[in-house]
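Asker: sharing a model prediction with you, sequence too.
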Amino acid sequence: MDFEKLLRGSWDHFVKDIVNLILFFLVGGVLCITIVLIPSVIAGFTRATLAYVRTGRKPEFTELWNFNGYLETLLLMIIGGFLIMIGYCLLIVPGVILQIWWLYALFFIVDRRMGFWQAMSASKDAVSRTGLFNHFVVLLIAMVLNGLGSAVSGLGALVTTPFVMIMLALVYLDLTGERAIGGEEAGMNRKGAENAEN
């Protein structure tokens, strides 16, 4: 994976509509106070970011209370989160591996309308096929950026969160063969796209 192209592409997408992206994620963060909307907000972040990266469509606030995929997102958060937590409690390494495997599960739920378990399996297969270490680096970048964002009175997260979501969306599109990292037409992962569909 070309991490330089990934970071540069993520930055280019981010700065192109920085104000709308920050405002969108700010409103989503406020809505999370309700607790019940958290799954729809998280799915909305994913859905809107994917549409923005694909077509340049500005994030629409209605996505934040769009309940499509609500149950599957909730189950992914609860069951996936619980299994990852158990993995971290055991020996740390199993938790890290599970987190890497399921890094793109939410994208499969939102984009392919998969069930949560099917999405977790599709994400694991895509990660395993393209190299666990590559996605460990992606996870590490995401964690470092979000950590830095949270450290700046939490306000930095308004910058790092949309940037990280764009980065993950670009990797997801590369994994599924839709677009190669850097914005070129995909080709190297076309087989992966077919596998993800099955």
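Answerer: That came in fine, so what should we check first?

Asker: got the contact list for the residue nearest the centre of the chain?
Answerer: Compute the mean C-alpha point of the chain, and by Cα atoms, centre = their mean the closest residue is Leu168, 4.5 Å away. Neighbour list for Leu168: 49, 103-104, 107, 138, 142 [criterion: Cβ atoms under 8 Å, 6 or more residues apart in numbering]. From N, CA and C alone the C-beta is placed, and that goes for glycine too.

Asker: quick one: low-confidence parts of the chain?
Answerer: Filtered on pLDDT under 70, the chain yields the residue ranges 153-154, 182-198.

Asker: and with 90 instead?
Answerer: 1, 90-91, 146-158, 177-198 (pLDDT under 90).

Asker: mind listing the helices for this protein?
Answerer: For the chain, the helices defined by DSSP state H cover 3-16, 18-31, 38-55, 70-75, 81-91, 93-101, 105-112, 116-130, 132-151, 157-175, 190-197.

Asker: go ahead and confirm Thr130 touches Leu103.
Answerer: No. Thr130 lies out of contact with Leu103 (Cβ atoms under 8 Å); the separation is 11.5 Å.

Asker: those two: who's more crowded?
Answerer: Leu103 (22 against 17; other Cβ atoms under 10 Å).

Asker: surely the more buried one and Ala126 touch.
Answerer: No. In this structure, Leu103 is not within contact of Ala126 by Cβ under 8 Å, at 9.3 Å.
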